[in-house]
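Trainee: Fold the following and give me the result.
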Amino acid sequence: MSYAEFIDWQTEDFFENWENVSINVLVKIFKDKDDPRAEEIAEYFGIDLEDGYEELDEIINDSFFPMINFIYPLETNTLQKDAVYKTSLETNCIVLYNRVFGKNYLCLAAGGMDFSQDIGLAYAIMDKRIPLELAIDINTQKNLTVRGENWGLLEYKVIQALEAGKNRINQLLKEWS
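Mentor: Next up is the predicted model:
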């Protein structure tokens, strides 16, 4: 499986074919003043919880859109609101849903440097695993774009993927020998 798929956002009808799950989840949480994460969102974006909806709408629509022409397919069809929330605020990735194919994807909402750690962390949060093809390509420089507790999760999931891949390769080598 190739973990990245090319997409030309210039020719793709984004608003008709795609749903920006990240925006929808963040806005829904923000509107629910009983949800403690609403206050976290207000603090994260530096806006007022009570009357900051217009500000949030402007910030979120500028910041949470695809920046590169690659999407990363998720295995999960059932998205957990907490996982989308965490992915959206703790990585440089957003979660998208393609209405045509009925599939969920990750996409970078930032550009300009190596965000392989963010993509790996987003997979660890959303799919609870990192595809081997991606794990091989994740930058090993500690704290490049992922830090703290998230670094520990990323490191654990990369090692888990590489170990599983190593075991599978060793099994195939035995079978072919």
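Trainee: so what's residue 140 scoring on pLDDT?
Mentor: Among the per-residue scores, residue 140 holds a pLDDT of 96.
Trainee: ok, it - contacts?
Mentor: By CB atoms under 8 Å, 6 or more residues apart in numbering, the contact list for residue 140 is empty. All C-beta atoms are positioned from the backbone trio N, CA, C, and that covers glycine.
Trainee: one more time with 10 Å, if that's ok
Mentor: 116-117, 155, 158 (CB atoms under 10 Å, 6 or more residues apart in numbering).
Trainee: For the chain, which segments count as strands?
Mentor: 5-6, 18-20, 70-73, 93-98, 103-108 (DSSP state E).
Trainee: give me the number of residues near residue 166?
Mentor: Neighbour count for residue 166, taken as other CB atoms under 10 Å: 11.
Trainee: Could you do residue 18 as well?
Mentor: 20.
Trainee: now the nearest residue to it once chain neighbours are set aside: how far from residue 104?
Mentor: Nearest residue to residue 18, sequence neighbours excluded (CB to CB, 6 or more residues apart in numbering): residue 96, at 5.4 Å. From residue 96 across to residue 104, the span is 7 Å (CB to CB, to the nearest Å).
Trainee: okay, and the common contacts of the two?
Mentor: Counting by CB under 10 Å, 6+ apart, the shared contacts of residue 96 and residue 104 are 19, 21, 71-72, 74.
Trainee: pLDDT-wise, which helix or strand of this protein ranks last?
Mentor: helix 14-17 (a mean of 84; mean pLDDT, DSSP states H and E).
Trainee: And the contacts of that one?
Mentor: With contact meaning CB under 10 Å, 6+ apart, helix 14-17 is reached by 7, 20, 65-66, 96-101.
Trainee: Take those and lay them out in JSON lines including pLDDT, distance to residue 148 and neighbour count.
Mentor: Output for the contacts of helix 14-17, formatted as JSON lines (pLDDT from 0 to 100; distance: CB to CB, whole Å; neighbours: other CB atoms under 10 Å):
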{"residue": "7", "pLDDT": "90", "distance to residue 148": "32", "neighbour count": "19"}
{"residue": "20", "pLDDT": "95", "distance to residue 148": "27", "neighbour count": "23"}
{"residue": "65", "pLDDT": "89", "distance to residue 148": "27", "neighbour count": "16"}
{"residue": "66", "pLDDT": "91", "distance to residue 148": "27", "neighbour count": "20"}
{"residue": "96", "pLDDT": "96", "distance to residue 148": "26", "neighbour count": "26"}
{"residue": "97", "pLDDT": "96", "distance to residue 148": "29", "neighbour count": "18"}
{"residue": "98", "pLDDT": "95", "distance to residue 148": "32", "neighbour count": "16"}
{"residue": "99", "pLDDT": "94", "distance to residue 148": "36", "neighbour count": "10"}
{"residue": "100", "pLDDT": "93", "distance to residue 148": "38", "neighbour count": "9"}
{"residue": "101", "pLDDT": "92", "distance to residue 148": "35", "neighbour count": "10"}
